[in-house]
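Trainee: what follows is a predicted protein model with its sequence.
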Amino acid sequence: MLHTLLKTTRTSLALQLHSNFKPLRLLTTYSKNPQIFIHEKQPNYFTFSLSRQPESIPIGTSQSTDPAPLDFHVDSHFKSLLDKTLADKIYNDFTFVMEAGTNANSFMPVYDFREIPRYSRTPYIEDVFGYVQVDDKGNIVPGSWQKNDMYEICSGKTGLCKFSDYMYETLQEEVEKEKKSYDN
């Protein structure tokens, strides 16, 4: 009788533990850019985010942890957030404020950091977020932001987007403010 009771209790406890068990999700960073976290939503379905928090606005999704442009689906909410943040905050980004000093009287490219152009070289068009006007004193002209519609969040050559430290921190804060749930 005691043996049967113990066996039943162990089985009941095992079933209870099993039903309360939530599988651990491993947090992985994108191999080409440690700014990006990979969250597995379903087997072989991944979201890529600037946040450790899986419910934050993702950059996009793919069925691969090393996505190519054809299998990477950019999140439209992130794209809008990126465009708005660049338009509003690029004037405070020390990297580009300093670079403007050497680009007087020009429309200076604001580029992705996945492949930083060599000195006095123009970055590839798909790596340029947009342009700002620089005055004759080397200062960025407020309100001059022009987005580049040819920018690729996922480039076949260099992978997913990479940001300056300032823009990374700013965007990370923005994606964590807004949460989004995915059923995909």
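Mentor: Sure, I can see it. Numbering: from 1, shown residues only.
Trainee: for residue 50, which non-adjacent residue is spatially closest?
Mentor: Excluding the flanking residues, the one nearest residue 50 by CB to CB, 6 or more residues apart in numbering is residue 172, at 4.6 Å. To be clear about C-beta, it is placed using only N, CA and C from the backbone, and glycine gets the same treatment.
Trainee: that neighbour: how many residues sit nearby?
Mentor: Neighbour count of residue 172, defined by other CB atoms under 10 Å: 19.
Trainee: name the SS class of it, please.
Mentor: Following DSSP: H, G, I helix; E, B strand; the rest coil, we place residue 172 in the helix state.
Trainee: can you give me the distance of it to residue 178?
Mentor: Plainly put, residue 172 is 12 Å away from residue 178 if you go by CB to CB, to the nearest Å.
Trainee: okay, and the common contacts of these two?
Mentor: By CB atoms under 8 Å, 6 or more residues apart in numbering, residue 172 and residue 178 have no common neighbours.
Trainee: just to revisit the earlier point, so how far is residue 57 from the residue nearest to residue 50?
Mentor: Counting by CB to CB, the gap from residue 172 to residue 57 is 10 Å.
Trainee: quick one: mean pLDDT over the longest strand along the chain.
Mentor: When the chain is parsed with DSSP state E, its longest strand is strand 33-42. Regarding strand 33-42, the rounded mean pLDDT is 95.
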